[in-house]
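K.L.:
fold the following, please.
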Amino acid sequence: MQTPQSKQTNLYETDFYAWSQQQADLLRHQQWHQLDLSNLIEEIESLERKERQELRNRLSILIAHLLKWEYQPTKRSRSWLSTIRIQRLDTAEIVAENPSLQSYLLEIVDKAYIKAIALAAGETNLPMKTFPQNCPYSLENILSDRFYPGEPSSDDLMS
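P.N.:
Sure thing, here's the model as predicted:
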């Protein structure tokens with residue numbers, strides 16, 4: 001005979017959507033003793049990891065495009081500019097929705113930079129050794145909508 005807890009665990013493994021709806025309903029009705037606590041805890045922790053990963057990915061893409069912008073000035077495009085702007089906006093939005101992640105930004109610049117070099121090298125066909133070993137941009141510059149490294153761009157591209 002299955003216990004209510006084992007039925008919930010089984011539902012968690014076989015139909016995550018139904019399980020999450022069930023857990024939300026139990027929470028809404030304050031039926032604490034019926035909650036699948038071990039899986040709820042796991043899911044809440046995975047949400048934290050997901051937010052941090054999303055922030056790292058946005059920062060990696062942003063830094064990669066700043067590198068491309070600086071190291072291939074003759075290939076600058078509205079597409080690159082748009083990607084830089086969107087990644088900055090998305091990063092700011094994630095931090096605005098999760099203010100405690102602000103301090104995490106400083107922690108992840110180095111990790112994001114490693115991915116950014118790989119991305120920039122892959123998209124530019126420049127050797128990875130072209131780029132500095134450490135991130136050449138401060139976090140403040142990376143996130144600033146006024147910062148574009150290298151030679152100034154033509155006004156028509158920036159407007």
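K.L.:
report the buried residues of stretch 46-56.
P.N.:
By neighbour count with 16 or more other C-beta atoms under 10 Å, stretch 46-56 contains the buried residues 51, 52, 55, 56. Yep, even glycine has a C-beta here, placed from its N, CA and C like the rest.
K.L.:
please apply the same query to stretch 68-87.
P.N.:
By neighbour count with 16+ other C-beta under 10 Å, stretch 68-87 contains the buried residues 68, 69, 70, 71, 72, 76, 80, 81, 83, 84, 87.
K.L.:
could I get the buried residues of stretch 46-56 in JSON lines, plus columns for pLDDT, distance to residue 63 and secondary structure?
P.N.:
Listed next are the buried residues of stretch 46-56 as JSON lines, based on pLDDT from 0 to 100; distance: C-beta to C-beta, whole Å; DSSP: H, G, I helix; E, B strand; the rest coil:
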{"residue": "51", "pLDDT": "90", "distance to residue 63": "19", "secondary structure": "helix"}
{"residue": "52", "pLDDT": "91", "distance to residue 63": "16", "secondary structure": "helix"}
{"residue": "55", "pLDDT": "95", "distance to residue 63": "12", "secondary structure": "helix"}
{"residue": "56", "pLDDT": "96", "distance to residue 63": "11", "secondary structure": "helix"}
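K.L.:
closest to residue 33 among those?
P.N.:
Nearest to residue 33 among the buried residues of stretch 46-56 is residue 51, at 29.7 Å by C-beta to C-beta.
K.L.:
distance of the closest residue to that closest one other than its chain neighbours from residue 105?
P.N.:
Distances taken as C-beta to C-beta, 6 or more residues apart in numbering put residue 98 closest to residue 51, at 5.7 Å, once the chain neighbours are dropped. Separation of residue 98 from residue 105 (C-beta to C-beta, to the nearest Å): 11 Å.
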